[in-house]
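[1] Sequence first, then the predicted structure:
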Amino acid sequence: MQRRIGSSRPAFGRRSFLVGGGVALLSVAACGSSTGAGAGKLKIGASLPLTGQGADAADMGYKGYQVWQKVVNDAGGLLGRQVELTILDDGFDQNTVVANYNRLISQERVDLLIGTFSSFLNLPASAIAERHGMVYIEPSGGANEIFERGLKRLFFSQPGTTETSHEIFSEFVESLPAADRPATAAYLNQDDPSTDLPVQNFQKRLAKAGIRTVYGQKYPPDTTNFDAIANSIRQAAPDLLIHGALETDGYGLVQSLQKVGFTPRMLYQTRAPTSTDTYPEAIGKANTEGIFTFGAWHPAARYPGNAEFVKAFTAQFTESPAEDAANSYTAVQVLQAGVEAVGKIDQDAIAKWLHANTVDTIVGPLKWDERGVPDGAPLLMQWQKGTLEVVGPPQAATVDAAVLAKPAWTA
């Protein structure tokens, strides 16, 4: 079943959502090399986990795609054609995401593809795109293994990958005076390619810096109760807790730490703290204080188009954008730049242009190596006084200093 909607938020289910002007769908070539202005609507397709694990991130990411669509269509479209999004729900299932991208290419006959969320889903989805000779811009999922398969049309639209995401916080910890530096650390992560490598890299690097490991654990993606894990962490009593989280597991662990009454002196989580609406709501606004995370984007970043993106998103959805929305918007910014530079839908020409050029985006200028790995400037962020702030690098900081000791949880 397919449903046409406008810019309002859909009631998500396992179905497809056609985001456009409510007119009949047009059948256009999925991999054509010369489609230009005047050929009807330009169809862009993606599969997202709108239900199941990762739905919170995908919901915000979907909105990012919709904001870009409205901005581009209001300005006259892409290649002079109004953009229509075809979004399928994969329920965070690898078999479904493969079927969905095959459907988008072979049945929906989209002109262009955009990526999904998490390394878990982008790993098989990007292979389908490559098999069909289509450019694939992924907004999320920087696991190293994604880029080790020799794909020629894959591009990651964040300023760093999981291979390097540990560096900025590790450098920060290493720079601390001995009295402020943690002596012990615990490491925990969801079993996912996007969290495995960063946590491993954290442990190796911080161990070399003299920080002793007192706990390590990996849990399945469907874990919802973290009480036993939190109790084990309490017993280990680390100064620093590194948690490789995706979304709801980040909230769940904090809630369980509150329950068992343990507050680490320093807490770093991946992904989850960047959800600026749902994270403080889930754990309590006061409890966010001092939590560190790695980020690709910040609403106050002074990159071209960023302020306009925040304004457009807020006007369209009456809420503030989270990083997942910005990552999606960046992905289609990259795709748009390649299409407009080439002047037609030519997948190989678009990929070649992106490999050879730098694209200005709302997360800063991006360029890519032959694997599609980006060269950008990621951010170290921390929750302070109810706001997610940038604490490094210094030239991007939105506050003067980091909070070095996390306050105890409040009721």
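    Everything's here; your move. Residues are numbered from 1 along each chain as shown.

[2] So which residue of the protein lies furthest out from the middle?
    residue 179 (34.7 Å; Cα atoms, centre = their mean).

[3] so which strand or helix has that residue?
    Taking DSSP states H and E as the definition, one finds residue 179 inside no helix or strand.

[4] Now do it against residue 84, distance only.
    58 Å (Cβ to Cβ, to the nearest Å). The way it works is simple: take the backbone N, C-alpha and C, and place the C-beta from them, glycine included.

[5] same check, this time on residue 228
    48 Å.

[6] what's the distance between stretch 121-134 and the middle of its chain?
    Its chain's C-alpha centre lies 18 Å from the corresponding centre of stretch 121-134 when counted by Cα atoms, centre = their mean, to the nearest Å.

[7] mean confidence score for that stretch?
    Confidence over stretch 121-134 (mean pLDDT, whole number) is 98.

[8] Likewise for stretch 61-72?
    What stretch 61-72 shows for mean pLDDT is 98.

[9] residues of it that come out buried?
    61-72 (16 or more other Cβ atoms under 10 Å).

[10] Kindly format the C-alpha coordinates of it as CSV.
    The C-alpha trace of stretch 61-72 is given here as CSV (Å, rounded to 0.1, in the frame of the first residue of the first chain):
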residue,chain,number,x,y,z
GLY,A,61,16.0,12.0,9.9
TYR,A,62,12.9,11.7,7.7
LYS,A,63,11.9,15.2,8.7
GLY,A,64,15.4,16.4,7.6
TYR,A,65,14.7,14.9,4.2
GLN,A,66,11.3,16.6,4.1
VAL,A,67,12.7,20.0,5.0
TRP,A,68,15.3,19.8,2.2
GLN,A,69,12.5,18.8,-0.2
LYS,A,70,10.4,21.8,0.7
VAL,A,71,13.4,24.2,0.4
VAL,A,72,14.4,22.8,-3.0
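
[11] ok so, going back, quick one: which of residue 228 and residue 84 has more around it?
    Shown here are residue 228 and residue 84; by other Cβ atoms under 10 Å, residue 84 has more neighbours (24 against 12).

[12] does that one count as helix, strand or coil?
    strand (DSSP: H, G, I helix; E, B strand; the rest coil).

[13] distance of it from residue 41?
    4 Å.

[14] ditto for residue 353
    23 Å.

[15] how deep is the spatially closest residue to residue 309 that is not a sequence neighbour tucked in, by neighbour count?
    Ranked by Cβ to Cβ, 6 or more residues apart in numbering and with sequence neighbours excluded, the top spatial neighbour of residue 309 is residue 362, at 5.2 Å. Using other Cβ under 10 Å, residue 362 is surrounded by 24 other residues.

[16] Check residue 153 too.
    22.

[17] Next one, pLDDT for it please.
    pLDDT, read off for residue 153, is 98.

[18] Check the contact between it and residue 352; I expect there is one.
    No: applying Cβ atoms under 8 Å, one finds residue 153 not in contact with residue 352, separated by 9.5 Å.

[19] related to what we said a few turns ago, and the buried residues of stretch 61-72, which of them are in helices?
    When the buried residues of stretch 61-72 are checked against helices (DSSP state H), the matches are 61-72.
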